[in-house]
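*Asks:* when you get a sec, could you give me coordinates for this:
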Amino acid sequence: MIQKLTIHQYYQQLKHLPVIDVRSPGEHRKGHIPGAVNIPLFSDAERAQVGTVYVQQSREKAIELGYQLVTPKLDQFISQSEEVAPARELVVHCWRGGMRSASFAQHLADNGFRKVYVLEGGYKAYRNYVLDFFAQPFRLRIVGGYTGSGKTHLLNALKARGLQVVDLEGLACHKGSAFGGIDQPEQPTIEQFANNLQEEFRRLNIGKPIWLEDESHNIGGVKIPLNLFNQIRNQTVYFLDIPQPKRIDHLVEEYGNCPPQHLAASIERISKRLGGLAANEALHFLEEGNYYEVAKRTLHYYDKSYRKGISLRDPAKVVYLPLEDTNPRKNAETLINYFSHE
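*Replies:* The predicted structure follows:
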């Protein structure tokens, strides 16, 4: 049996079902529904070939070529789909809910799959849903502070206390500075980052506060969806005001075991912003293994940059919280106590 369903019906009723994305591998890599399994009707090269025939000859010729390319794969589609959905109930989608998903779904239904749902509007409808999702208002609580303040560790401590937290840098696979990509997995695409972020938010109670780190619009090579970023920028920032020596200690602990060549490459990338003297000094201290002095030189730039950014905010929306060090549990307790007396 084949049924059509909207993206809203999928989330409300059928989120538990496996999802098969029949688009090409390149389309899937660019962005997909989190958890969707790619069983492509066409390879990237085959999709390009069909598209060329469509443009240069006709729709009919393109469909004919499509069937020729797909026919040898039909048995494979059944076995792959059984692995994804042993209960033989699943959701199928392509780009716009057109011929690719319809033909794949029909093939499954003809071969004993009990319930096959085709997503109306396909991945395009899902993407519109993601972008619309971030247009709604959220109750955000934003943690700010200079580089080395241990903001991510603090958020983890808040999460351990049962608060709602979204780790933007974790989802972005990047810590946000020139050094942020060191020892991190490959970043998702901009599109996939937004998809993963929406999935994370969707699991939360959006009627309750959600804690985030104060970030730039770009985190490495990805971007925070604009509607969400604008909300972040308009919220009060709870600034962790931690002495620089403690922040340097934290950075040494974070980056001290990183390959020196990676640290050197990061320093060179920001050498103009650091200034020639500070950059050369940082590289010199790196060669000596003096990570404390390396961090001290780089913080001169990062502190100045963050001060400039925070000065552009409404002063009434910046709350400075003097803290002794970067201890995440202790600082989480301070934040929780602050809100309990607010």
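*Asks:* what does the lowest-mean-pLDDT helix or strand in the chain contact?
*Replies:* Ranked by mean pLDDT, DSSP states H and E, the weakest helix or strand in the chain is helix 271-274, scoring a mean of 83. The contact list for helix 271-274 (CB atoms under 8 Å, 6 or more residues apart in numbering) reads 267, 279, 282, 297, 298, 300, 301, 305. Heads up, the C-betas are built off the backbone N, CA and C, glycines and all.
*Asks:* filter those down to the buried ones and hand me the ChimeraX line.
*Replies:* Filtering the contacts of helix 271-274 down to the buried ones (16 or more other CB atoms under 10 Å) takes a single ChimeraX command:
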select :267,279,282,297,298,301,305
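*Asks:* quick one: contacts for residue 309?
*Replies:* Going by CB under 8 Å, 6+ apart, residue 309 touches residue 216.
*Asks:* go again using 10 Å as the cut-off
*Replies:* By CB atoms under 10 Å, 6 or more residues apart in numbering, the contact set of residue 309 is 144, 214, 216, 237.
*Asks:* do the same with residue 283
*Replies:* Contacts of residue 283 by CB under 10 Å, 6+ apart are 260, 263, 264, 267, 268, 271, 294, 297.
*Asks:* so which of those residues are in helices?
*Replies:* Among the contacts of residue 283, the residues falling in helices (DSSP state H) are 260, 263, 264, 267, 268, 271, 294, 297.
*Asks:* can you say which of these are buried?
*Replies:* Among these, those classed as buried by 16+ other CB under 10 Å are 263, 267, 271, 294, 297.
*Asks:* would you reformat those residues as CSV and include distance to residue 3?
*Replies:* Shown next, in CSV, are these (distance: CB to CB, whole Å):
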residue, distance to residue 3
263, 55
267, 57
271, 59
294, 60
297, 62
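*Asks:* for the residue nearest in space to the middle of the chain, what is the enclosing helix or strand?
*Replies:* Closest residue to the average C-alpha location of the chain: residue 193 at 2.9 Å, with CA atoms, centre = their mean. Assigned by DSSP states H and E, residue 193 belongs to helix 190-202.
*Asks:* right, and the helix or strand after that helix?
*Replies:* Immediately after helix 190-202, counting by DSSP H and E, sits strand 210-213.
*Asks:* got the contact list for that following strand?
*Replies:* Strand 210-213 is contacted from outside by 138-145, 149, 151-152, 154-155, 158-159, 163-170, 176, 200-201, 204, 219, 224, 228, 231-232, 235, 238, 332, 335, using CB under 10 Å, 6+ apart.
*Asks:* out of those residues, which are buried?
*Replies:* Buried residues within the contacts of strand 210-213, counting neighbours by 16+ other CB under 10 Å: 138, 140-145, 149, 151-152, 154-155, 158, 163-166, 168-170, 176, 200-201, 219, 224, 228, 231-232, 235, 238, 332, 335.
*Asks:* list just the nearest of the buried ones among the ones in helices among the contacts of residue 283 to residue 34.
*Replies:* For these, the minimum distance to residue 34 (CB to CB) is 32.8 Å, reached by residue 263.
*Asks:* farthest pair within the contacts of residue 283?
*Replies:* 260 and 271 (16.1 Å).
*Asks:* could you look up the next helix or strand downstream of the least confident helix or strand of the chain?
*Replies:* helix 276-288.
*Asks:* report the buried residues of that next one.
*Replies:* Across helix 276-288, burial judged by 16+ other CB under 10 Å covers 278, 279, 281, 282, 283, 285, 286.
*Asks:* quick one, domains of this structure?
*Replies:* Following automatic domain parsing, the chain resolves into domains at 2-131, 137-340.
*Asks:* distance from the chain centre to the shortest one, please.
*Replies:* So that's domain 2-131. Computed by CA atoms, centre = their mean, to the nearest Å, the chain-centroid distance of domain 2-131 equals 24 Å.
*Asks:* where along the stretch 1-150 of the chain do the helices fall?
*Replies:* Here the stretch 1-150 of the chain has its helices, by DSSP state H, counting those that start in this stretch, at 7-13, 25-30, 44-56, 59-70, 74-84, 99-110, 122-133.
*Asks:* wait, which of these is closest to residue 185?
*Replies:* helix 25-30 (14.6 Å).
*Asks:* list the contacts of the residue in the chain sticking out farthest from the centre.
*Replies:* Distance from the C-alpha centroid of the chain, by CA atoms, centre = their mean, peaks at residue 57 (40.4 Å). Counting by CB under 10 Å, 6+ apart, residue 57 touches 64, 65.
*Asks:* ok, now how distant is it from residue 70?
*Replies:* Residue 57 sits at a distance of 18 Å from residue 70 (criterion: CB to CB, to the nearest Å).
*Asks:* in strands, which of the buried ones among the contacts of strand 210-213 fall?
*Replies:* Those of the buried ones among the contacts of strand 210-213 mapping onto strands are 140, 141, 142, 143, 144, 145, 219, 238, per DSSP state E.
*Asks:* surely the first one is in contact with residue 232?
*Replies:* Yes. Contact status for residue 140 versus residue 232: in contact at 6.3 Å, counting by CB atoms under 10 Å.
*Asks:* perfect, I'm done here.
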